[in-house]
Structure formats: structure tokens, C-alpha cells
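Participant: Sequence and predicted structure, then a few things I'm wondering about:
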Amino acid sequence: HSCGGSCLGPLTFHCQVLGDKVSLSHGCRLATRMESTFKNGLVFSSRPVSLKEKIHLKVVRSAPNWHGALRVGFTSVHPAGRSLPLAPMAIPDLSEKPNHWAAAVHESYCTAGSELKFWVSSGGKMFLHVNDKDLEILQGVDVSKPLWAMIDIYGQTSSIFL
């Protein structure tokens, strides 16, 4: 495809910085967490995202033997600057640290086949689009610095496609 000078290029998961239990495939667009655990499923976008840029996710697989589901958010910490191994969970391990914002997505929105979008507004509010509704899920995101999408393949959610 072609686009003008404002084109950011395709969004993928960061191919080198990911949770201990995550594997990537399909050009770093499919992220799968081992179903033997509910945590260690952190992934980040490969590039900073623009304000109001909608991050589209499809839940490919879910494992009903766990509680909780996907967590979505943003960080102004460049993924390549992180030390490995990553924290086990976005909430509370990263969300309690500066420059990280994350919100839980309800289990009912994260069944296999579900599609959702999330984004941050220029006013620092984070939104989730699911079932034809836009839901405000978080406030206070610092939009003065570049932001990377941060996704925790947590709980019942075991595989997502970007």
C-alpha cells in the first residue's frame, strides 16, 4: 500500500521485547502466551502510536481455566530500553510505575473471535471500542511524550492478533 508523509507504517508487536511466556509469529502480528500460566504475557507495539490511532486486536484463543483477561494500555518507556525479563503483569507491576497506564478488559469482551480497539485521546483519556460502543477506561495518560501500546495477554486471554 502507499501513503503520504504522515504514514507510520504497519503496527506489529515489538519482536525482541516480550514476556517470558509469549511467542510471536505471522510477522510479529500474532502473540501467543503459554496456557500453562496466566501471566508473563506482556507485549509492546513495535513503534510509537499516534494520538487517536486505534489499535485493533482480535482474540484468537482463550483459556477459561483462569480468571481475568486482557489488559491494554500505553507507556512512554521505549520497549528497547527495558531490562529483561519483563515484569510478570501490567497491573500492578507496571501500572504502579511512572510512565505506564493500563486497564483491564472485562472477560466477556475477550472470548475467542472477539475484536476490540483501544486508543488514547489528545486529552489523555484511554478508550476501548467493543460491541459498537466506545468506553472510557482510563484517564491521566501523559500525552506529551511518544507512547507505545502495551498489552498484557493475561488470564483467560491466551492469543491475540494485531
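Facilitator: In hand now; what should we look at?
Participant: which SS class is residue 148?
Facilitator: The local conformation at residue 148, judged by DSSP: H, G, I helix; E, B strand; the rest coil, is strand.
Participant: What is the neighbour count of it?
Facilitator: Counted by other C-beta atoms under 10 Å, the residues lying close to residue 148 total 20. C-beta coordinates here come from the backbone N, C-alpha and C atoms, glycine included.
Participant: That one and residue 79 touch, don't they?
Facilitator: Yes - Residue 148 is within contact range of residue 79, at 5.9 Å (criterion: C-beta atoms under 8 Å).
Participant: shared neighbours, those two?
Facilitator: Shared between the contact lists of residue 148 and residue 79 (criterion: C-beta atoms under 8 Å, 6 or more residues apart in numbering) are residues 14, 44-45.
Participant: Write down the beta-bridge partners of residue 100, one by one.
Facilitator: Per DSSP bridges, the residues bridged to residue 100 are residue 75.
Participant: what's it in contact with, if anything?
Facilitator: Taking C-beta under 8 Å, 6+ apart, one finds 73-75, 77, 90, 94, 150 in contact with residue 100.
Participant: From the residues you listed, pick the one nearest residue 131.
Facilitator: residue 73 (20.2 Å; C-beta to C-beta).
Participant: Contacts for the helix or strand hosting residue 117 next, please.
Facilitator: Per DSSP states H and E: residue 117 is located in strand 115-120. Strand 115-120 is contacted by residues 49, 51-59, 72, 74, 105, 109-110, 126-130, 137, 141, 143, 147, 149 when judged by C-beta under 8 Å, 6+ apart.
Participant: Swap in 7 Å and give it another go.
Facilitator: 51-58, 72, 74, 105, 109, 126-130, 141, 143, 147 (C-beta atoms under 7 Å, 6 or more residues apart in numbering).
Participant: Give me the residues contacting the longest strand along the chain.
Facilitator: Under DSSP state E, the strand in the chain containing the largest number of residues is strand 55-62. Applying C-beta under 7 Å, 6+ apart, the external contacts of strand 55-62 come out as 11, 30, 49, 110-119, 149, 156-162.
Participant: Let's see that with 6 Å instead.
Facilitator: With contacts defined as C-beta atoms under 6 Å, 6 or more residues apart in numbering, strand 55-62 is touched by 110-112, 114-118, 149, 156-161.
Participant: Across the sheet, point out what pairs with residue 120.
Facilitator: residue 126.
Participant: So what's the predicted local confidence for it?
Facilitator: With respect to pLDDT, residue 120 scores 98.
Participant: again with residue 64
Facilitator: Residue 64 is given a pLDDT of 87.
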